[in-house]
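Engineer: Pasting the sequence and the predicted coordinates here, then a few questions.
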Amino acid sequence: MNQDVIAGLLGPWSAELGLGAILLRAALSVSRGAAARDFLRELHLKTETYEPDMTFAERVSLDWGALHIEGYATPGHSRGSACYRIGAQAFFSGDTIVPGCAVITRLRGGETVWDLYCGIGTIGLFCAKSAKAIVGIECVPQAVENAVRNAEINGAANAKYYCGTAEKTAERAVRENDRPDVVFLAPPRKGCDESILDTVAEVAPNKIVYISCKPSTLARDIKYLFTKGYTPEKITPVDMFPRTPHVETIVLLQNRNM
């Protein structure tokens, strides 16, 4: 396809590079629907020659003036055997954080795991085969729809998802499920509101695994969780962006009362 045509199609775009995976998000001109589909088909043909385990467009649809692209991602050993269906507006972490969470948690098969800020279910579904139950909570409706579908794709009958904020949904989740043994917390860069940390402390899991993308808010939230009875035991930094000040961090916190 002519480069000028491609330039006319693409709006703001971003790419995430991870271990065995590349995720490309781009806004395509809706007024040029046929050309957009030609571009996607050509991209698919060119990329699958070099790397079959990538995210490809499975469906393209126009909805309320926006172009939505959904596909399957199977990023090899960085996601184990899990596959993910990704909506264009849903968050997906294309990095090596997910297997690190599984390693640091050391699930034994009998635990109930809560996955807060679960997105499309990435972390929880990776651990589903090693847990008794996965309970995901996410406030973005499209991401929850993706998570439910991803559980079906991966045969994770032990995974259940709720749409809502953690503090408003926790009471219902406790009523309908076992109390969590492990809670995954993967907030955005601003970290967690104290109300969410209070909610987590109230359900009193044995372990909290905090996945952070900003050290300053991580330090603040760990300090607050310490006042609630949780002590950091293991800290694993992941240098996702070499030669920059940015670092992702996985922290295992243990309940001192257990």
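Structural biologist: Thanks, I have it.

Engineer: Give me the below-cutoff pLDDT ranges for the protein.
Structural biologist: Counting by pLDDT under 70, the chain shows low-confidence ranges at 1-82, 84, 87-96.

Engineer: And the strands in it, which stretches?
Structural biologist: In the chain, the strands defined using DSSP state E lie at 10-18, 21-28, 56-63, 66-73, 84-86, 112-116, 133-138, 159-163, 182-185, 207-212, 230-238, 248-255.

Engineer: So what's the residue count around Val103?
Structural biologist: 11 (other CB atoms under 10 Å). Quick note: C-beta positions are derived from backbone N, CA and C, even for glycine.

Engineer: ugh, wrong one, I meant Gly119
Structural biologist: 23.

Engineer: ditto for Cys83
Structural biologist: Number of residues near Cys83 (other CB under 10 Å) recorded here: 14.

Engineer: again, but for Ala219
Structural biologist: Ala219 has 13 neighbouring residues, counting by other CB under 10 Å.

Engineer: what separates it from Phe226, distance-wise?
Structural biologist: From Ala219 across to Phe226, the span is 11 Å (CB to CB, to the nearest Å).

Engineer: go on, Cys213?
Structural biologist: Taken as CB to CB, the span from Cys213 to Phe226 is 21 Å.

Engineer: More neighbours: these two, which one.
Structural biologist: Using other CB under 10 Å as the criterion, Cys213 and Phe226 rank with Cys213 on top: 22 against 13.

Engineer: Let me see the contact set for that one.
Structural biologist: Neighbour list for Cys213: Pro188, Arg189, His246, Glu248 [criterion: CB atoms under 8 Å, 6 or more residues apart in numbering].

Engineer: Contacts for stretch 245-252, please.
Structural biologist: Contacts to stretch 245-252, defined as CB under 8 Å, 6+ apart, come from residues 95, 97, 100-101, 104-105, 207-213, 215, 218, 222, 232-241.

Engineer: Please list only the buried members of those residues.
Structural biologist: Buried members of these, counted by 16 or more other CB atoms under 10 Å: 95, 97, 100-101, 104-105, 207-213, 218, 222, 232, 240.

Engineer: Next one: the closest residue to Cys139 other than its chain neighbours from Glu171, what distance?
Structural biologist: Excluding the flanking residues, the one nearest Cys139 by CB to CB, 6 or more residues apart in numbering is Thr165, at 5.2 Å. From Thr165 across to Glu171, the span is 12 Å (CB to CB).

Engineer: Which one's more surrounded, the two?
Structural biologist: Under the criterion of other CB under 10 Å, the comparison of Thr165 against Glu171 puts Thr165 first, with 17 against 12.

Engineer: do you know how far that one is from Asp193?
Structural biologist: On the measure of CB to CB, Thr165 and Asp193 end up 9 Å apart.

Engineer: do the same with Leu252
Structural biologist: Distance from Leu252 to Asp193, counting by CB to CB: 22 Å.

Engineer: So for these two, which sits in the more crowded spot?
Structural biologist: Leu252 (20 against 14).

Engineer: Quick check: closest non-adjacent residue to Cys127.
Structural biologist: Distance criterion CB to CB, 6+ apart; nearest residue to Cys127, sequence neighbours excluded, is Ala102 at 5.3 Å.

Engineer: Equivalent analysis for Glu194, please.
Structural biologist: Tyr224 (6.3 Å).

Engineer: Determine the number of other residues adjacent to the one you found.
Structural biologist: Neighbourhood size, Tyr224 [other CB under 10 Å]: 16.

Engineer: Make residue 1 into 7 and carry on from there
Structural biologist: Taking 7 as the first residue, the last one we looked at is Tyr230.

Engineer: That one and Ser222: what is the separation?
Structural biologist: 13 Å.

Engineer: Could you do Lys135 as well?
Structural biologist: When CB to CB is the yardstick, Lys135 and Ser222 sit 35 Å from each other.

Engineer: So these two - more neighbours on which side?
Structural biologist: Applying other CB under 10 Å to Lys135 and Ser222 shows that Lys135 carries more neighbours, namely 17 against 10.

Engineer: do you know how far the more buried one is from Gly161?
Structural biologist: Note on Lys135: its distance to Gly161, by CB to CB, is 9 Å.
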